[in-house]
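In: Just the structure for this:
(4 chains)
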4 protein chains.
Amino acid sequence: MSVEIRVRGYHLDVYQHVNNGRYLEFLEEARWDFMSRSGFGDSLDKAGVALVIVNINVNYRRPAVMGDVLNVTARISHIGNKSARFEQLVTLKNDDGAEVVVVDADVTFCVMDRETEKALPIEGRIRDILASGMES
Amino acid sequence: MSVEIRVRGYHLDVYQHVNNGRYLEFLEEARWDFMSRSGFGDSLDKAGVALVIVNINVNYRRPAVMGDVLNVTARISHIGNKSARFEQLVTLKNDDGAEVVVVDADVTFCVMDRETEKALPIEGRIRDILASGMES
Amino acid sequence: MSVEIRVRGYHLDVYQHVNNGRYLEFLEEARWDFMSRSGFGDSLDKAGVALVIVNINVNYRRPAVMGDVLNVTARISHIGNKSARFEQLVTLKNDDGAEVVVVDADVTFCVMDRETEKALPIEGRIRDILASGMES
Amino acid sequence: MSVEIRVRGYHLDVYQHVNNGRYLEFLEEARWDFMSRSGFGDSLDKAGVALVIVNINVNYRRPAVMGDVLNVTARISHIGNKSARFEQLVTLKNDDGAEVVVVDADVTFCVMDRETEKALPIEGRIRDILASGMES
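Out: Predicted coordinates:
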């Protein structure tokens, strides 16, 4: 799943490129979109849990400039016993029409019980919900 | 009361000036600083009320650029029966050392009862608290 | 013309409502969209001019919360001799399906010659371009 | 070197914690402060080069909430042949007065020639400038 974002004047910074921090909003936008459209967010709500981000590792591959049309993806790429991971890509079409990577990011999260605010092991129903996010 | 903000690369936009929207964060920063340092915020908390902004009228007088050192003020300028107003200034020192206005803003707010979430008339204790903010 | 924006977790602030400053980005997004889709921005570029915002007067009518789907409009509402104005609305559909206003704003701008960086009188070709924006 | 940032209402998101993306602005603020106060930025300007961020790896250790006073550091931690790294910490004092880590981040950058916009090997004068940033 992906969202499309057009680069506007307020996304840029002193270098006339999209600012490093702004990409984290673009990535978050794609995750909310994924959570909402896939039903993934509803399933987590019903299970009484929330995702808590513990690490973001983001590569800035090439700059994006005013007017660029960015495609931002989100999918679950890895499920461990204590944490899981989104893999996200920001791409644009270059002048030859080829899709090139602007930013890629691994976003690692734990699953927290909303009542106790404690991290839960990723097993059973929780694991099934996360696994469903690998296919979208 | 005022806060000092240095213009950084991430405050700018495609025009290489501080972005219009970013100034609203600068103004909010000065209001939080005022609320916290004057004891004004504590008094409102104890009275069980919160301020709700209903209008911001902001003039952009001249651009601010990378490296500028901005001074951002906040004070209560007007108290009516149903609403009151902050007057806020963003200034910088020009090359001659004169303080010049970058942005000025009137920020109008109502006072809301936190329990009922209804707007309150500005009278009695509430009026006294707001009046104390005119002097700082 | 209008853009649709879904309220996400990162748009909210301590009050769990969309932050005052964030609306200015929503309004700017709608203006860029208008400039780009109507051909209005291209016409201004060709005429060698840029719009410079001198005042924003924004009313916050009701809060927007997580998950709300906002509609943000932009159109030229007034053309004077020295400045002109966008009128912009942020609306959402309430539970009865009625479109209700969240924010309305008047955004006043001058027209600047890009080479001399001086404000121009709004006449002739410039006036025609702005007038075309009243109809979209 | 470090900057102090007080957590305000507009820094928070739906979880009432400082938003993940906002920390990247806090980290950038500390880097600009470091560049400006240490003379490091001037030296880079004179050498005709700019830093280009290629990776940010950020750990979110514990949440920061309204009113927290954050300390944000920046120092050069590693210099390689093609890239170098800032190590940055965001800390706060807990109720026992102990400094605890909220966020830590490695920020990897290349050095770009401003004219050719090509990455340069990190050697000679450039290496000396970066090395001076390890001591501050």
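
In: And the biggest helix by length in chain A, how far out from the chain middle?
Out: In chain A, taking DSSP state H as the definition, the longest helix is helix A:20-37. Remark: helix A:20-37 is offset 5 Å from the chain centroid, using Cα atoms, centre = their mean, to the nearest Å.

In: Can you check what angle separates it from helix C:20-37?
Out: 90 degrees (axes from the mean of the first three to the mean of the last three Cα atoms, to 10 degrees).

In: Which positions within helix A:20-37 qualify as buried?
Out: A:20-35 (16 or more other Cβ atoms under 10 Å in any protein chain shown). Using the backbone N, CA and C atoms, a C-beta is placed for each residue, glycine as well.

In: near chain D, which residues of chain A?
Out: With Cβ under 8 Å from any Cβ of the partner chain as the criterion, chain A meets chain D at residues A:15, A:19-22, A:24-25, A:28, A:50, A:52-60.

In: change it to 6 Å
Out: Within chain A, the positions adjacent to chain D are A:20-21, A:24-25, A:53-60 by Cβ under 6 Å from any Cβ of the partner chain.

In: Pick out the most distant pair among those.
Out: Maximum pairwise distance among the residues of chain A next to chain D (Cβ to Cβ): 21.0 Å, between A:Val54 and A:Tyr60.

In: quick one, which of those two is more surrounded?
Out: Just comparing A:Val54 and A:Tyr60: by other Cβ atoms under 10 Å in any protein chain shown the higher neighbour count belongs to A:Tyr60, 22 against 16.

In: how far away is the more buried one from A:Asn71?
Out: 16 Å (Cβ to Cβ, to the nearest Å).

In: what's the answer for A:Val52, then?
Out: From A:Val52 over to A:Asn71 the distance is 27 Å, taken as Cβ to Cβ.

In: Repeat that for A:Lys46.
Out: 30 Å.

In: For the longest strand along chain A, which strands pair with it and how are they oriented?
Out: Secondary structure of chain A per DSSP state E: the longest strand is strand A:99-113. Applying DSSP bridges to the sheet, strand A:99-113 is found paired with strand A:49-60 (antiparallel), strand A:84-93 (antiparallel), strand A:119-120 (antiparallel).

In: Just tell me which of the ones you listed ends up closest to B:Ala64.
Out: Using Cβ to Cβ, the strands paired with strand A:99-113 put strand A:49-60 closest to B:Ala64, at 26.8 Å.

In: Show me what the next helix or strand after the closest one is packed against.
Out: Sequence order places strand A:69-73 as the next helix or strand after strand A:49-60, per DSSP states H and E. Counting contacts by 3 or more Cβ pairs under 6 Å, 6 or more residues apart in numbering or on different chains; DSSP states H and E, strand A:69-73 is packed against strand A:2-6, strand A:84-93.

In: can you tell me if the first one touches chain B.
Out: No - counting by Cβ under 6 Å from any Cβ, chain B is not contacted by strand A:2-6; separation bottoms out at 12.9 Å.

In: got the angle between that strand and helix A:20-37?
Out: 140 degrees.

In: Please name the nearest non-neighbouring residue to A:Phe35.
Out: You called it Phe, but residue A:35 is Met. Using Cβ to Cβ, 6 or more residues apart in numbering or on different chains and skipping the chain neighbours, the partner closest in space to A:Met35 is A:Gly41 (3.4 Å).

In: So, low pLDDT: which residues of chain A?
Out: Residues of chain A meeting the criterion pLDDT under 70: A:136.

In: check contacts around the residue of chain A most remote from its centre.
Out: The outermost residue of chain A relative to its centre, with distances by Cα atoms, centre = their mean, is A:Asp96 at 27.0 Å. Residues in contact with A:Asp96 (Cβ atoms under 6 Å, 6 or more residues apart in numbering or on different chains): none are found.

In: Can you tell me how far it is from A:Tyr60?
Out: 22 Å.

In: Just give the number of residues close to A:Lys118.
Out: Neighbours around A:Lys118, by other Cβ under 10 Å: 8.

In: Relative to chain B, how far out is A:Glu117?
Out: Distance, A:Glu117 to chain B, using Cβ to the nearest Cβ, to the nearest Å: 24 Å.
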